[in-house]
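> Give me a model of this one.
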Amino acid sequence: MNYKLEDLEVYNLSEVISDKIWNVVTRWEYFAKDTIGKQLCRPADSISANIAEGYGRYHFKENKNFCYYSRGSILEVKSFLRKSKNRNLISEECYSELYTELQTIHLKLNAYIKYIGKNLT
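Residues are numbered from 1 along each chain as shown. Below you'll find the model as predicted:
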């Protein structure tokens, strides 16, 4: 059975959250958008981009490595979300919603990495 990238739930969830973050950041003032906004959007986009690149490599070891990069991007997004909340760029509610979604993606990515690892042995 052939699977497509779009069949991966973790990929789809990471695409959704990057769009949500983009929509939040585009409403900010120029200075916030130019500084923290860019630094928040880049790793948010990188989560799904690294999953996609690894998936396209067709080698489990390379796929796993790109998933590790994606996991690092998740942590980077969490860091910039905290900064955004602390600087009053996003509400506590927005922060909590996005952070919870990132936690779900993080757990699903860990499960995917574990699955890939089983195929290495």
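
> so V10 touches K108, yeah?
Yes. Applying Cβ atoms under 8 Å, one finds V10 in contact with K108, separated by 4.1 Å. (C-beta placed from N, C-alpha, C; glycine too.)

> Neighbour count: the two, which is higher?
Set V10 next to K108 and count neighbours by other Cβ atoms under 10 Å: V10 wins out with 22 against 17.

> Which of the helices or strands spans the more buried one?
helix 9-25 (DSSP states H and E).

> Identify all contacting residues around stretch 58-66.
N50, I51, E53, G54, Y55, R57, I113, I116, G117, N119, L120 (Cβ atoms under 8 Å, 6 or more residues apart in numbering).

> Check stretch 73-92 too.
21, 24, 28, 32, 36, 39-40, 43-44, 46-47, 50, 94-95, 98-99, 102, 105-106, 109.

> Just the angle for the helix or strand encompassing K64 relative to helix 9-25, thanks.
Taking DSSP H and E as the criterion, K64 maps to helix 60-86. Angle of helix 60-86 versus helix 9-25, following axes from the mean of the first three to the mean of the last three Cα atoms, to 10 degrees, is 30 degrees.

> Quick one: name whatever helix or strand follows helix 60-86.
By DSSP H and E, the next helix or strand past helix 60-86 is helix 92-118.

> For the residue nearest the centre of the chain, list the residues it contacts.
By Cα atoms, centre = their mean, the chain has its centre lying nearest to I47, at 3.4 Å. By Cβ under 8 Å, 6+ apart, the contact set of I47 is S14, I17, S18, S70, S73, I74, V77, I105.
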